[in-house]
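A.B. asks: coords please:
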Amino acid sequence: MEKSLIDVMWVLVTAGLVFVMQPGFACLESGLTRSKNSINVAVKNVTDAMIALILFWLVGFGIMFGISESGIVGTNEFMIPFTESSWNVAFFLFQAMFVATAATIVSGAVAERMKFEAYLVMTAVISALVYPFFGHWAWNGAMTDQYTGWLGQLGFRDFAGSTVVHSIGGWASLAALLLIGPRAGRFNEAGVPRQIPGSNIPLAALGVLLLWFGWFGFNGGSTLGLTERVPMIIVNTFLAGAAGGLSGILMGYIANRKVISVDLIFNGSLAGLVSVTASANVISPLSAVLIGLIAGPVFFSLHRLLLRFRIDDAIDAVPVHLGGGIWGTIAVAIFADYDTLGTGLSFGSQLGVQLLGVAVAGLWTFLIVFTVLWIVNKFLKLRVSAEDEHIGLNVSEHGATTEILDLFMAMDQQAKTGDMSLRVPVEPFTEVGQIANRYNKVMEALEKAIRKTEAIVTTALDGIITFTPDRYEILTVNPGGQAMFKINEQDLAGTSLIRLFDHENAGYKEFNERRAEEVFRKVEETGTPVELVGKRADGSVFPMEVIVTKADLGFESFYTGMFRDITDRKEAEAAILAAKKETDDILYNINEGIFLLNEKFEIGSQHSLALRKIFRRQDLTQMNLLLLFSKLVPAKIYQSIQDYLELMFQLDIDEDIVNNLNPLKQIEVNFEEETGQFTTQYLQFKFSRIYHGARVSHLMTTVSDVTEQVLLARELKASEERTKNQMSLLFNILHIDPQQLKPFVEESDESVRKIKSTLKAAADKAIADDYYLLLTDIYRIVHNIKGNASILDLKFFAESAHELEDMIREVQSKPSIKGEDFITLLFKISELESNIDDIKALVGRLMAYQGVSRSAGGTESPAPAPASERRAPDRQVDLVINQLNDAARKLSAGLNKKVEFNSKQFEASVVPDNQVPLIRDVLIQLMRNSLVHGIESPDERTRAGKPVTGTISVITSVTEEPGYLAIKIRDDGRGLQIEKIRQKAIEMGKWNEGQLRAMPAGQVAKLIFEPGFSTADEVTMDAGRGVGMDLIRKNVTQAGGKISMSSGPGKFCEFTIKLPLKS
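C.D. replies: Residues are numbered from 1 along each chain as shown. Okay, here's the model as predicted:
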């Protein structure tokens, strides 16, 4: 059958891709085996390709693809001359690559132990006999889709060789492994496998990628033409390989406790590629992924099974090619599109014939290879000797020495001779040459070190004596030892070392060889010198320090002792101990904490007893001062302390300047008692630099407990503050009529009690919304108190209430309000209550002494209204009108405005006494509103053609509704500014802008009664909170009354309050 040139070219290209698998196998096997066998592995991969190609041309191709005789064997096409057509040449070349692949699979399995000539015999058997015969049974006639081999005729299908190529190689590998046995050291005596690591994992990774690349030709070329199915076949191949690799990762993750072995990744992907080879042309991409995923567990299970039976497969060729090949062949029946497969068999029949093919391949290959190798083993021996295996097959099989081997031999020669002057040969410009060069430099350094050591021993002032370990017979004595004991080496050599020790030594009355052995053994074990008493030749004794080490030189050993005269050191230690005692006496009796602080901020071992008392702990030595402060002071202060101490250790910064920044001149610390409570103390630290050369080495630190002085100073200051506050309070209220002050005090006192009662009632609530509403109610009460205080010109009291308003707003602004947020508010409320109590006491005294001048105190408040404008205080309501009159003058003066308060039409007789507090609160808020927002400045009024002095009038009238009293308050100011109200509402975002633009003016005006609404540009003591109008509406409504308003732009604003005459 002739093919187009495109098909011929495609088959030639894919044949080249398949041949790339040969170097792929070489890289994989070389990388996963040890370097001493890498050359052998590479040579086998090259040689088996040669043998396979020649034998396949001679006989293999004819057996496999010649005209079939009974479906068993081909009868022609032996040593074909390729004269018929280019297609025959291309087809032969493509199939020859397959037989080379099948043969080379065995190379990796038996690596590192099989003789080279035995391997060549096995390659010949596979290439000329095993592979061609089974290939005939399965593939003969496949090029024409007319299967003539007996397995092919039964319906057995293996697209590109999961069984024909890979299983054949796998079965052959298994037979060889059973005969040849595991590598030395692969299993211990108990059969537990030991990992033999590969020499070059990156090279192995390259091999995997080359095999993957070659597989595109392996499967893509098996169509024997460039058809429309080729892209899908290659995609299926890619997907199965990737899925197999991921499956291998998962197997490693599960089996090895999250440590994923790289060979599982490599071999998992190869198992996926082997598995899809049988069906890549008749499956979907999803099926390819599933086949690859299952290939991972199949490979991993067979890998574990081989290890259990102590079968050593160097690169897992059997699990990958045999396991993957069997699974891939079975997968044809499971995943194939039967229409494309074209066998006409049912699932059961197809599965049966696939299993038959697997069994036939196994029996045929295993029996032939095992038999041939068994015979070969009788004559040639399959396995190298143990010595050759230890040396490595590179040398034993091929005599292929390497630079590294030459280097090791030269190093071994030097080790045997002990000649330090020998140097190993250096091969320039090579990696091993660089190692040799470094080794020579090390030997040069070692030789110099030995010579220096000999020089040191000779010139050392210490005594260095070598002696035998049994009878302590002196061998050698250096000049320092001779001078120390005042005796020469000739007189010491051969005598006992014991003669150099005083008879009373180390606590023993008789220091003999047995005692010396006990002491020397302890010194040798601990490595710690021992102090003994030496004896000179003239009989004098001296303290000495001795350290002994044992040296083993093969079968010979000796001791080396170093003896040091420590007479001077002992005298210095005695002097130091005396000085230390004096220092300890000082540190024990001084009242201040004294210590040295090093650069790590650690407290020195020498510190006064008082320091332990101050810090209330005993373990201060080497304690970090900053760590100590971290538990005693707030984080912000801690950071300042750290910065300051760091500056004190910086030599380039003047000490006096730094000391001016000392945050520890007086610091508050909190010590936790055993009861869990905290005690506050005040400490004072002083630091002075101590220099060591050109750096600051320590800080001399003194610390004093100044708690008593601080508390006394604070008590004096508090007493002065209380006296000052009481005097200020007296001056503030002397100008106020006690008759006006008394109701303010009583109502404020009642308001504070109401706040406390409200807080107590809400103590068990834990919902933020409840807390918010609670705070809103308290806010209104406080705002009312502030307004009343402002009317009476109690500035300090109004300011205190204003601060409480700020605190309430701050709490309300939190995303979530908690019970502890009320603590600071309670402190401020208590402060208000204390002020009220003080005012109450002073009012009582003032009312008892009515003769005291009400103008005392020198207040700078504006003068009260003239007598003609004031009312005789016959009733409480008259006092209210007088308050409003005075407040109008004071507040307008503070706002730089001029105003006249007109109450001529206010009929006090119609006002019920029970409504007076409400009317006062309402009129105060409305009057403040008129002064702040309504009445214009003198300049503005002049430009508008109005009198400079504005007017605020209060009027009572009878309403049309029986039982109600109407009170009006009217100003002749600018009126309600509707557009400003509208714009403010838009800025607040609580209302829809479109609705606000369409809203009638009257409805817009009512927005001033909304909680939190104010047209003021900023919050002041007099405006901006948005509470006053809301408070008016709430109070009037709660009293059963009504409020209305009218306004003329630029002319007036009038509020009308209707209250029931009876509550």
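
A.B. asks: give me the contacts around stretch 482-499.
C.D. replies: Outside stretch 482-499, the residues that touch it by Cβ atoms under 8 Å, 6 or more residues apart in numbering are 461-463, 465, 467, 471-477, 481, 500, 511-513, 516, 534-538, 544, 561, 563, 565. Quick note: C-beta positions are derived from backbone N, CA and C, even for glycine.

A.B. asks: which residues in the stretch 351-500 of the chain form helices?
C.D. replies: 386-391, 393-398, 403-417, 431-459, 479-485, 489-492 (DSSP state H, counting those that start in this stretch).

A.B. asks: who wins for proximity to residue 98 among these?
C.D. replies: Closest approach to residue 98 among the helices of the stretch 351-500 of the chain is made by helix 393-398 (27.4 Å; Cβ to Cβ).

A.B. asks: tell me which other helices or strands the closest one touches.
C.D. replies: helix 38-55, helix 116-125, helix 386-391 (3 or more Cβ pairs under 8 Å, 6 or more residues apart in numbering; DSSP states H and E).

A.B. asks: deepest of those helices, which one?
C.D. replies: Most buried of the helices and strands packed on helix 393-398 by mean neighbour count (mean count of other Cβ atoms under 10 Å) is helix 38-55; its value is a mean of 21.

A.B. asks: can you lay out the helices of the stretch 351-500 of the chain as a markdown table showing distance to residue 556?
C.D. replies: Shown next, in a markdown table, are these (distance: least, Cβ to Cβ, whole Å):
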| stretch | distance to residue 556 |
| --- | --- |
| helix 386-391 | 30 |
| helix 393-398 | 35 |
| helix 403-417 | 17 |
| helix 431-459 | 19 |
| helix 479-485 | 22 |
| helix 489-492 | 21 |
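
A.B. asks: re the thing from before, out of the helices and strands packed on helix 393-398, nearest to residue 250?
C.D. replies: Of all those, helix 38-55 comes closest under Cβ to Cβ, at 29.5 Å.

A.B. asks: tell me the angle of that closest one relative to helix 116-125?
C.D. replies: 30 degrees (axes from the mean of the first three to the mean of the last three Cα atoms, to 10 degrees).

A.B. asks: who touches helix 38-55?
C.D. replies: Contacts of helix 38-55 (Cβ under 8 Å, 6+ apart): 22-23, 25-26, 29-30, 33, 96, 99-100, 102-104, 107-108, 111-112, 116, 119-120, 123-124, 126-128, 199-200, 392-394, 397-398, 400.

A.B. asks: for those residues, which ChimeraX command selects only the ones that are buried?
C.D. replies: Buried subset of those, written as a ChimeraX selection, criterion 16 or more other Cβ atoms under 10 Å:
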select :22,23,25,26,29,30,33,96,99,100,102,103,104,107,108,111,112,119,123,124,126,127,128,200,392,393,394,397,400
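
A.B. asks: take stretch 370-382, keep the C-alpha atoms, and write them as PDB.
C.D. replies: Only the C-alpha atoms of stretch 370-382 are listed here, as PDB (Å, rounded to 0.1, in the frame of the first residue of the first chain):
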ATOM      1  CA  PHE A 370      14.100 -16.300  32.000                       C
ATOM      2  CA  THR A 371      15.200 -19.500  30.200                       C
ATOM      3  CA  VAL A 372      17.800 -17.700  28.100                       C
ATOM      4  CA  LEU A 373      19.300 -15.800  31.100                       C
ATOM      5  CA  TRP A 374      19.300 -18.900  33.300                       C
ATOM      6  CA  ILE A 375      21.400 -20.600  30.600                       C
ATOM      7  CA  VAL A 376      23.700 -17.600  30.200                       C
ATOM      8  CA  ASN A 377      24.200 -17.400  33.900                       C
ATOM      9  CA  LYS A 378      25.700 -20.900  33.900                       C
ATOM     10  CA  PHE A 379      28.400 -19.800  31.500                       C
ATOM     11  CA  LEU A 380      28.900 -16.000  31.500                       C
ATOM     12  CA  LYS A 381      27.400 -15.000  34.900                       C
ATOM     13  CA  LEU A 382      24.700 -12.300  34.800                       C
END
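
A.B. asks: and it, average pLDDT?
C.D. replies: Mean pLDDT, stretch 370-382: 93.

A.B. asks: next SSE downstream of the helix or strand hosting residue 628?
C.D. replies: According to DSSP states H and E, residue 628 maps onto helix 625-630. The element immediately downstream of helix 625-630 (helix or strand, assigned by DSSP H and E) is helix 635-648.

A.B. asks: list the helices and strands that next one packs on?
C.D. replies: Applying 3+ Cβ pairs under 8 Å, 6+ apart, one finds that helix 635-648 contacts helix 625-630, helix 655-659, strand 678-692, strand 695-705.

A.B. asks: now render those as TSV, adding mean pLDDT, mean neighbour count and distance to residue 844.
C.D. replies: Formatted as TSV, these follow (pLDDT from 0 to 100; neighbours: other Cβ atoms under 10 Å; distance: least, Cβ to Cβ, whole Å):
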stretch	mean pLDDT	mean neighbour count	distance to residue 844
helix 625-630	86	16	51
helix 655-659	86	13	55
strand 678-692	89	15	38
strand 695-705	90	17	46
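
A.B. asks: mind putting the ones you listed in JSON lines, distance to residue 895 included?
C.D. replies: Below are the helices and strands packed on helix 635-648 laid out as JSON lines (distance: least, Cβ to Cβ, whole Å):
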{"stretch": "helix 625-630", "distance to residue 895": "52"}
{"stretch": "helix 655-659", "distance to residue 895": "50"}
{"stretch": "strand 678-692", "distance to residue 895": "47"}
{"stretch": "strand 695-705", "distance to residue 895": "55"}
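
A.B. asks: tell me which of the ones you listed lies nearest to residue 226.
C.D. replies: Of all the helices and strands packed on helix 635-648, helix 625-630 comes closest under Cβ to Cβ, at 77.3 Å.

A.B. asks: what's the closest one in contact with?
C.D. replies: With Cβ under 8 Å, 6+ apart, helix 625-630 has contacts from 597, 601, 602, 603, 615, 638, 641, 642, 645, 669.

A.B. asks: now the buried members of these.
C.D. replies: For the contacts of helix 625-630, buried by 16+ other Cβ under 10 Å: 597, 601, 602, 603, 615, 638, 641, 642, 645, 669.

A.B. asks: would you point out the most distant pair within those?
C.D. replies: Pairwise over the buried ones among the contacts of helix 625-630, using Cβ to Cβ, the maximum falls at 602 and 669, 19.1 Å.

A.B. asks: mind putting the buried ones among the contacts of helix 625-630 into a markdown table with distance to residue 360 and pLDDT?
C.D. replies: Formatted as a markdown table, these follow (distance: Cβ to Cβ, whole Å; pLDDT from 0 to 100):
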| residue | distance to residue 360 | pLDDT |
| --- | --- | --- |
| 597 | 89 | 90 |
| 601 | 83 | 90 |
| 602 | 82 | 92 |
| 603 | 87 | 91 |
| 615 | 90 | 85 |
| 638 | 84 | 88 |
| 641 | 88 | 90 |
| 642 | 83 | 89 |
| 645 | 87 | 90 |
| 669 | 91 | 87 |
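
A.B. asks: I'm done for today, thanks for sticking with me.
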